[in-house]
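Visitor: quick one, structure for this:
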Amino acid sequence: MSDPVVNEVRAAAYRIPTPGPEADATLRWTGTTLVAVHIRAGDVTGLGWTYAHEACVPLITGFLAPLVENQPVLDVPAQWSAMQRAVRNLGRPGLVSCALSAVDIALWDAAARVLDIPVSQLLGRVHDEVAVYGSGGFTNQSTHELHDQLDIWVQEQHLPAVKIKIGEDRGHRIDRDLTRMRTARDVIGDSVELFVDANGGYHCGQARRLGPMLDQLGVSWFEEPVSSDDLAGLAALRTATAADIAAGEYGYDLTYFARMIDAGAVDCLQIDVTRCGGYTEWRRIAALAAAANLEVSAHCAPHLAAHVAAATPNVRHLEWFADHDRIATKFLDGALDPTGGQVRPDPSAAGHGFALKDADLQAFAV
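Guide: Down below sits the predicted model:
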């Protein structure tokens, strides 16, 4: 079998409106931008994407594409290393890492399609299925909207765990946070795990005082109670609540996660495959976590994360994020089904098995 090279790299951005304004503790938004990358190698085309600003597009087409074009598509780690070295002076964290992640994912997808095997098999599958939890519960939702969303996750999809946002108005609405958590517990009952995500909205004292109330409600996962940059604060809060402390979604490289692990900041390390450097860097981060006896969890982008999670021995679960699920349902062929609390990457499909509905997306091109 010949070793095809990368013939072409294309990128495009799409701004997809949310059904209405959405908010967490520190941000409000009305749309989600998807930056898609297609990589052609011989007779196959690989697909990757990230959720980031459209400024990623010229980074991909003007800077990263020339680094991988005409290179062997099966040598993905070599292409990833070349990109990592080249972006040094651009500022690797942030948009650059998001752009690189999308290219890396597309390369792995193309390589697996060349070999006619699933990405999970190419990466070294260890799980046939990966657990998922429902995620949304935005801080600006009405009680009725929150109730309806929780009902879908628990009654229709039978998910074993759900997560809602707290920390409204940068931690200044703790009374409402508590009301929403009590509502969530009433709706889901005692047999479903309740997770909360403060998106760094509290300061350490606020989060510490909230700890006993979380324990009373049986909250088992407290995500970003303080800024993920406050490693000392995260570490201190691990002793203030029975809930697992989780963070890592803003990690853009291996050394960030090494610092978080060294600080003893988390009980479970979150990795976003569309930010951290793609499948290649995910694997290194997960190995680092395993060496510290930590599990990892996929932050958002559950369809892209499913294959690499299935190849990760120490994965705990995937985040079935409402915004990204909505986009996948509308614009992705081959979308996964979380019903029952597990997703199973298609073992019969080459690559990751997904294709964007390009014609439907064109109305949202930016």
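
Visitor: drop to CA atoms for contacts and neighbour counts, all remaining ones
Guide: Noted.

Visitor: okay, now G205: neighbour count?
Guide: 11 (other CA atoms under 10 Å).

Visitor: what helix or strand is it on?
Guide: helix 204-216 (DSSP states H and E).

Visitor: try P77
Guide: In the assignment (DSSP H and E), P77 maps to helix 76-86.

Visitor: average model confidence for that helix?
Guide: Helix 76-86 carries an average pLDDT of 98.

Visitor: beyond that helix, next helix or strand please.
Guide: Later in the chain than helix 76-86, the nearest helix or strand by DSSP H and E is helix 95-115.

Visitor: pull out the buried positions in the very next helix or strand once past that following helix.
Guide: As assigned by DSSP H and E, the chain's next helix or strand after helix 95-115 is helix 119-123. By 16 or more other CA atoms under 10 Å, the buried positions in helix 119-123 come out as 119-123.

Visitor: which residues does the helix or strand that comes right after helix 119-123 contact?
Guide: Note on helix 119-123: by DSSP H and E, the next helix or strand toward the C-terminus is strand 130-135. The contact list for strand 130-135, computed with CA atoms under 8 Å, 6 or more residues apart in numbering, reads 153, 159-164, 306, 309-310, 316-322, 338, 341-344.

Visitor: restricting to C-alpha, output strand 130-135 in CSV.
Guide: Listed next in CSV are the C-alpha coordinates belonging to strand 130-135 (Å, rounded to 0.1, in the frame of the first residue of the first chain):
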residue,chain,number,x,y,z
VAL,A,130,-17.7,5.5,27.0
ALA,A,131,-19.9,7.0,29.7
VAL,A,132,-21.6,10.4,29.2
TYR,A,133,-23.3,12.9,31.3
GLY,A,134,-25.8,15.6,30.3
SER,A,135,-24.4,19.2,30.4
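
Visitor: beyond it, next helix or strand please.
Guide: Downstream of strand 130-135, the next assigned helix or strand under DSSP H and E is helix 143-151.

Visitor: show me what contacts I60?
Guide: Shown in contact with I60 (CA under 8 Å, 6+ apart): 11, 99-100, 103.

Visitor: rerun at 10 Å
Guide: I60 sits next to 9-12, 35, 37, 66-67, 96, 98-100, 102-103 when contact means CA atoms under 10 Å, 6 or more residues apart in numbering.

Visitor: only the buried subset of these, as a PyMOL command please.
Guide: Restricted to buried positions by 16+ other CA under 10 Å, the PyMOL selection for the contacts of I60 reads:
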select buried, resi 9+11+12+35+37+96+98+99+100+102+103
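
Visitor: mind showing which ranges of the stretch 201-350 of the chain have poor pLDDT?
Guide: By pLDDT under 70, the stretch 201-350 of the chain has no low-scoring segment.

Visitor: what about the helices in it?
Guide: For the stretch 201-350 of the chain, the helices defined by DSSP state H, counting those that start in this stretch cover 204-216, 231-237, 254-262, 278-291, 302-310, 322-331.
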